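Participant: sequence and predicted structure are below.
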Amino acid sequence: MTIDPIDMAGTKARGKRPVFFKDADTDRLLSMLMALAGELAVARERIDTLERLLQARELLQRTDIENYEPDTAAARERGLWHQEFIARILRVIQQEIEQFDEDREARQQARKENVSATTELEELIEELASN
């Protein structure tokens, strides 16, 4: 029997999903955070296993890892990876900021158009009054 992780990701628990917070978005965020924490725990265990196996086979000491200093190319590569990782994690917040900016620009434009319409109306009233 093979396990398809994509099929498993779509598996739903029976019954209604428990709700812990007033805001459903908070529940979804907590759910994603807990899934991410689980993935991190598994990755941490695998790294620990690799370090122990490498040390047991005398290929590498754990202190070698602790004392490792990346060269310029490795440091640059890691830095880029970190930036991309953080961007992926914060993508939803970035999208909300962009939407807020778009909404603000739309409100400012609407205000200008309203002011412009008001000004045009005032000018028309003055013109009619002067005739």
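Facilitator: Yes, it's here.
Participant: straight-line length of stretch 8-21, end to end?
Facilitator: Taking Cα to Cα, to the nearest Å, stretch 8-21 runs 26 Å from one end to the other.
Participant: an error on my part: the question was meant for stretch 54-73.
Facilitator: 24 Å.
Participant: for that stretch, what is the average pLDDT?
Facilitator: Mean pLDDT, computed over stretch 54-73, is 94.
Participant: oh, and call the first residue 487 from now on, that's how I've got it
Facilitator: Taking 487 as the first residue, the last one we looked at is stretch 540-559.
Participant: after the helix or strand hosting Glu537, which helix or strand is next?
Facilitator: Element membership for Glu537, per DSSP states H and E: helix 510-542. With elements assigned by DSSP H and E, the helix or strand that comes after helix 510-542 is helix 548-553.
Participant: kindly list the longest helix within this protein.
Facilitator: Counting by DSSP state H, the longest helix found in the chain is helix 577-616.
Participant: just the mean pLDDT for that helix, thanks.
Facilitator: Mean pLDDT, helix 577-616: 81.
Participant: chain center to that helix, what's the gap?
Facilitator: 31 Å (Cα atoms, centre = their mean, to the nearest Å).
Participant: between that helix and helix 510-542, how many degrees?
Facilitator: Our comparison of helix 577-616 with helix 510-542, counting by axes from the mean of the first three to the mean of the last three Cα atoms, to 10 degrees, yields an angle of 150 degrees.
Participant: and helix 577-616, what does it pack against?
Facilitator: Taking 3 or more Cβ pairs under 8 Å, 6 or more residues apart in numbering; DSSP states H and E as the contact definition, helix 577-616 has no neighbouring helices or strands. Yep, even glycine has a C-beta here, placed from its N, CA and C like the rest.
Participant: burial count for Gln541?
Facilitator: Other residues near Gln541 come to 15 when the count uses other Cβ atoms under 10 Å.
Participant: actually Glu537, not the one I wrote
Facilitator: That count, for Glu537 with other Cβ under 10 Å as the rule, works out to 16.
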